[in-house]
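S.K.: Prediction below, plus the sequence it came from.
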There are 2 protein chains.
Amino acid sequence: MELRHLRYFIAVATAKNFTRAAEAMHVSQPSLSVQIRDLEEELGARLFDRLGRSIALTQAGLVFLEHAERAIRELERGAQVVGEVHGAQRGRLAVGTLATVNSYLIPPVVSRFKQRFPGVHLQVHSQPSMDIVDGLVGDRLDLGLCLLPVSREQLTTVRLFEERLVLIVPKRYPLTQSRLRMRDLGGLPLVLMPTDYCLRKMVEVECARAHVSPHVVLEMTSPEGILQAVEGGAGLSILPELYVRCRQRGPDVRVIDLHEPVPQHSVGLVYKTNRYQNLAAREFGLLCRTIMDEMPAGRLSPGIHPPVLKAGARKQRAS
Amino acid sequence: MELRHLRYFIAVATAKNFTRAAEAMHVSQPSLSVQIRDLEEELGARLFDRLGRSIALTQAGLVFLEHAERAIRELERGAQVVGEVHGAQRGRLAVGTLATVNSYLIPPVVSRFKQRFPGVHLQVHSQPSMDIVDGLVGDRLDLGLCLLPVSREQLTTVRLFEERLVLIVPKRYPLTQSRLRMRDLGGLPLVLMPTDYCLRKMVEVECARAHVSPHVVLEMTSPEGILQAVEGGAGLSILPELYVRCRQRGPDVRVIDLHEPVPQHSVGLVYKTNRYQNLAAREFGLLCRTIMDEMPAGRLSPGIHPPVLKAGARKQRAS
DNA sequence: TGATTCCATAACTATAACCTATAGACAAAA
DNA sequence: TTTTGTCTATAGGTTATAGTTATGGAATCA
């Protein structure tokens, strides 16, 4: 049995006439007759009584018609729902982001996204890079926003923009200049994330390059907590400039640019290479770039680079 | 889209592997791959993520799977129900019978039938031949038991047996012999059915052949009423022998055989020529013949003929 | 790195759905 | 009754397509 049989059968049952049903189905009448006969043979029962001029459903035909129509409706509905999921009127999108990125980039992106895809169930998880990568590999996340590079093979990355790091000092800390060379960090009391965090590794790499070793006096996992600790005089810290500057209000701290070299790292979109991204996922990525483009340049220090990538970099075949 | 696509899709979703799904479907792997690709193209969305070694359903695939499985189940159920209707585990069977036939033939037939087809909704209408014929033509009845011949063109008849008529007289009526010649009916006070009834016409034809005219003193439509009227002394009557003899108990009357000639008529099965008879209908007809065969010959007078037809006479093509 | 597993693609084959033409059945009209 | 019109069924040829085998390439595993 094939859907063709059902479609023809329903057409005949509706038209109560083979010839007109054949016209409606855009096939010849003999074609349709044969298909109905085959269906009847497969079911082992006559579906129509062929009276001379008109035809009528048998009891078997009558009950089968109900089921055939339900099956067809079920598939139409299925195709519709697939279209909706693909066109992202529905579905789920789980995104993992770093806490820092989460607080300056994600809010406007989410706002715009929900406007465009109100039916999509969006989940944003703020978590360390490692967990994001694991989440992507384990199919718990559809999309990630991480520090680059990401090591895993199964994942594809798309660089979005550079994140520059700045030094955060308490308001009354005896450091008056507006910029500081990396090598001058030596000996300063720092509040950083634990060593397994990307941001911490990043800082250590930059310090090593400047031939100084960071003097860590406190470790905290959340950038929010670090900021407040700095405000409370626990020490200085190094955080992404965008994160610090884009905060509407917050701890009362001073920002000192770092240079020689300017410590910065790439932030990018990460997703599983072989996994098909539906419209919602692709749009989320695009929105991240768009929002970064629209970030008021005036609020950024001169060293900041605007987003790097312009065009899409989809590896998936267009469907 | 065809059911093939759904079946293959479900197989792949179940096996999570194209190669093994192809084996399960008894087709080559490329065949199956192409069909899945075509389905994906028609739906406009990827259904599977092809990871290196294994595969996984996409969101779209997941939601489509539900609908596809429901559709398939719906059709399996439909085929099953058709089988039941055809095999007559279910369905309706409306039979029209003459009142006389109804009282001696139908009870055992119905009893046997309900045993064999407990799920079939059986309707037995006791009505005059004319109404049975109209009911068959108008599709209100599936099967009829009538006096033959039946004139209508759209109907096919199958003769079942001969019904012999006998004279019924009150116990104390001054007629002592056990048989009476037709020509001796002249002048006897008769209780018969109205002139539009087959049995009445039958009697009149037989009387005319014997060159006597019936002296009708009372007309009643039901054979039951006629018997009681005879018992009450309203007159004599002519009724089918089987009907009179097969009554378990009833009015206290005497039966006198008629001869020269023996008045008898054929009773047969009638159905609409073009209408497909399902198993229940065919079995009902067969049961009528079987029951007649089993009728205790000892209780019948010598003139009675056993059922005429032995083999089935189906005009419909076997399905 | 090589072996293995697995899906996609290409080129060919075979099945079967399709067409046209025509026969046969029935109902209405002549 | 015969004719005509209107149906569905059947026959034979054509074409579309699901099927095949052979092969390539990507990813995993030893």
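M.R.: Received the coordinates, thanks.
S.K.: Only C-alpha atoms from now on, for both contacts and neighbour counts.
M.R.: OK.
S.K.: Skipping its backbone neighbours, what lies nearest residue A:66 in space?
M.R.: Spatial nearest neighbour of residue A:66, chain neighbours left out: residue B:78 (8.0 Å); criterion: CA to CA, 6 or more residues apart in numbering or on different chains.
S.K.: between the strand or helix carrying the one you found and helix A:59-86, what angle do the directions make?
M.R.: For residue B:78, the enclosing helix or strand under DSSP states H and E is helix B:59-86. Helix B:59-86 and helix A:59-86 are oriented at 180 degrees to each other (axes from the mean of the first three to the mean of the last three CA atoms, to 10 degrees).
S.K.: What is helix B:59-86 packed up against?
M.R.: When contacts are defined as 3 or more CA pairs under 8 Å, 6 or more residues apart in numbering or on different chains; DSSP states H and E, helix B:59-86 packs onto helix A:29-43, helix A:59-86, helix B:3-15.
S.K.: next structured bit after that helix?
M.R.: Downstream of helix B:59-86, the next assigned helix or strand under DSSP H and E is strand B:92-97.
S.K.: partners of that following strand in the sheet?
M.R.: Here strand B:92-97 is paired, per DSSP bridges, with strand B:121-126 (parallel), strand B:143-147 (parallel).
S.K.: Save those strands as JSON lines, and put in mean neighbour count too.
M.R.: Formatted as JSON lines, the strands paired with strand B:92-97 follow (neighbours: other CA atoms under 10 Å in any protein chain shown):
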{"stretch": "strand B:121-126", "mean neighbour count": "16"}
{"stretch": "strand B:143-147", "mean neighbour count": "27"}
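S.K.: For DNA strand D, find the nearest of those strands.
M.R.: Between DNA strand D and these, the shortest separation by CA to the nearest atom of the strand is 22.5 Å, and it involves strand B:143-147.
S.K.: just the residues of the stretch 1-150 of chain A that are near chain B, which are they?
M.R.: Within the stretch 1-150 of chain A, the residues that sit near chain B (CA under 8 Å from any CA of the partner chain) are A:1-4, A:40-41, A:43-46, A:49-51, A:58-61, A:63-64, A:66-68, A:70-72, A:74-75, A:77-79, A:81-83, A:85-86, A:91.
S.K.: Now do the helices in the stretch 101-250 of chain A.
M.R.: Here the stretch 101-250 of chain A has its helices, by DSSP state H, counting those that start in this stretch, at A:106-116, A:129-137, A:198-209, A:223-231, A:241-245.
S.K.: quick one, the second one and strand A:121-126 angle?
M.R.: Read it as helix A:129-137. 150 degrees.
S.K.: Now do the contacts for the residue lying closest to residue A:92 once chain neighbours are set aside.
M.R.: Setting aside the residues directly before and after it, residue A:92 is nearest to residue A:121 in space (CA to CA, 6+ apart), at 4.6 Å. Neighbour list for residue A:121: A:90-93 [criterion: CA atoms under 8 Å, 6 or more residues apart in numbering or on different chains].
S.K.: quick check, distance from the helix holding residue B:78 to the centre of its chain.
M.R.: 32 Å (CA atoms, centre = their mean, to the nearest Å).
S.K.: Give me the neighbour count for the spatially closest residue to residue A:229 that is not a sequence neighbour.
M.R.: Distance criterion CA to CA, 6+ apart; nearest residue to residue A:229, sequence neighbours excluded, is residue A:235 at 7.2 Å. Using other CA atoms under 10 Å in any protein chain shown, residue A:235 has 22 neighbouring residues.
S.K.: go on, residue A:177?
M.R.: Residue A:177 has 9 neighbours, counted by other CA under 10 Å.
S.K.: Can you tell me the SS state at the residue nearest to it when sequence neighbours are not counted?
M.R.: What sits nearest to residue A:177 in space, not counting adjacent residues and going by CA to CA, 6+ apart, is residue A:256, at 7.4 Å. What DSSP: H, G, I helix; E, B strand; the rest coil gives for residue A:256 is strand.
S.K.: Residues of chain A that sit close to DNA strand C?
M.R.: Contacts of chain A with DNA strand C, taken as CA under 7 Å from any atom of the strand, map to A:4, A:26-32, A:35, A:51-53.
S.K.: If we use 10 Å, what do you get?
M.R.: Proximity of chain A to DNA strand C, by CA under 10 Å from any atom of the strand, involves residues A:1-2, A:4-5, A:8, A:22-23, A:25-39, A:50-54, A:317.
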